[in-house]
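Chemist: Quick one: sequence plus predicted model below, questions after.
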Amino acid sequence: MKILITSGHLENFSGSKQWTYTVAKELHKDHNVTVTSHRCGKMADKIAELGIRIRVIKDLIEMGEIFDFGIIAQIQTAEVVRHKICKKTIYVSHGLGNSDKPLWDCDRVVAVSEEVATHHGIKEVIYNPIDVDWYNCPKNVLYISNHGGLSGMLTKVCEELGYPYRRASVAWNLKEHIDWADIVIAVGRGALEAMSCGKQVIIADYRKYNGKPLRDYGYNVSHNCSGRCDRADVTEQSLRELLLGPRGTILRYHDVGKICQKLLE
């Protein structure tokens, strides 16, 4: 499908320009994508490096080329819609300013957040897309346990996530292992020592009374950081969610692949 993406300008790397880059990169995998703007610059150069065609709006309209689908951003690109060079269009409002006022001539109008939607009277929201393959920083996971009952489960989950994993028994050099880790799974002193090093701590082990992330200090220390205050079974799914942390939210709501599917609906 021939897809046209518009932007008021492509001179810098601000938020809406990053949006354009991210969506264009994803759609370029399966579609013939052109990005157009009144003024090109640094971001236009980056998009062109992906092998995506860049055109100035005035030149594109004079060419008379027709596109199957247009993703329109910012009111100053309205002539693309008025000249009907796209068979179908969706308008994306990025902010509260005048340049992001809705262009109701488009077939669909969406906003990137509920705040923007409420401000402009838009009924549909499609959240900001994130390239989750690029913005992915694998975490080093340390499991402190003498008996290692969670080791098999953790090995599997960390391999799926691409997270380096190691298990350490209580030993004199435990500090070296904690230094290496980003996330520490432990109970008792191991949890407290990891907290002292500023690590993300999950109070868990292979016991039915464990399996929750660290809450506030008083709540956990009252039970010696044992997990007895929560009494939750540890499963592969719960471990996966705990290890992903905020990334799990991004994968659920902001994955650019899912966002592009919604844009093209």
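Modeler: Here it is on my side, so go on. These numbers were taken from a predicted model, which means no experiment stands behind them.

Chemist: for the chain, what's the longest helix?
Modeler: In terms of residue count, the longest helix belonging to the chain (DSSP state H) is helix 15-27.

Chemist: helices or strands next to that one in the packing?
Modeler: Helix 15-27 sits against strand 2-10, strand 32-40, helix 42-49, strand 69-73, helix 256-263, with contacts defined as 3 or more CB pairs under 8 Å, 6 or more residues apart in numbering; DSSP states H and E. (Each C-beta comes from the backbone N, C-alpha and C, glycine too.)

Chemist: Ok, which of these comes nearest Asp233?
Modeler: helix 256-263 (29.8 Å; CB to CB).

Chemist: now that closest one and strand 2-10, what's the angle there?
Modeler: 110 degrees (axes from the mean of the first three to the mean of the last three CA atoms, to 10 degrees).

Chemist: ok now helix 256-263, how far from the chain's centre?
Modeler: 12 Å (CA atoms, centre = their mean, to the nearest Å).

Chemist: contacting residues around that helix?
Modeler: 22-23, 25-27, 71, 90, 92, 110, 126-132 (CB atoms under 8 Å, 6 or more residues apart in numbering).

Chemist: Next, the buried residues of that helix.
Modeler: Val256, Lys258, Ile259, Cys260, Leu263 (16 or more other CB atoms under 10 Å).

Chemist: Val112 is in contact with Gly15, correct?
Modeler: No. Assessed by CB atoms under 8 Å, Gly15 is found out of contact with Val112, at 9.0 Å.

Chemist: With neighbour numbers in mind, choose between the two.
Modeler: Per other CB atoms under 10 Å, whichever of Gly15 and Val112 has more neighbours is Val112, with 23 against 11.

Chemist: In contact with the more buried one: list those residues for me.
Modeler: Contacts of Val112 (CB under 8 Å, 6+ apart): Trp19, Val92, Ser93, His94, Val125, Ile126, Tyr127, Asn128.

Chemist: run the last query once more with 7 Å
Modeler: Going by CB atoms under 7 Å, 6 or more residues apart in numbering, Val112 touches Val92, His94, Ile126, Tyr127, Asn128.

Chemist: State the pLDDT value of the second one.
Modeler: If you check His94, the pLDDT there is 96.

Chemist: Now do it: how many residues are near it, please.
Modeler: With other CB under 10 Å as criterion, His94 counts 22.

Chemist: My guess is it contacts Val110. True?
Modeler: No. Using CB atoms under 7 Å, His94 is not in contact with Val110, being 10.3 Å away.

Chemist: is Val201 in a bridge, and if so with what?
Modeler: Val184 (DSSP bridges).

Chemist: Can you give me the separation between it and Gly148?
Modeler: In this view, Val201 and Gly148 are 18 Å apart by CB to CB, to the nearest Å.

Chemist: Check what pLDDT His147 gets.
Modeler: pLDDT, His147: 82.

Chemist: Please state the backbone phi and psi of it?
Modeler: Here is the backbone geometry of His147 (degrees, to the nearest 10): phi -90, psi -20.
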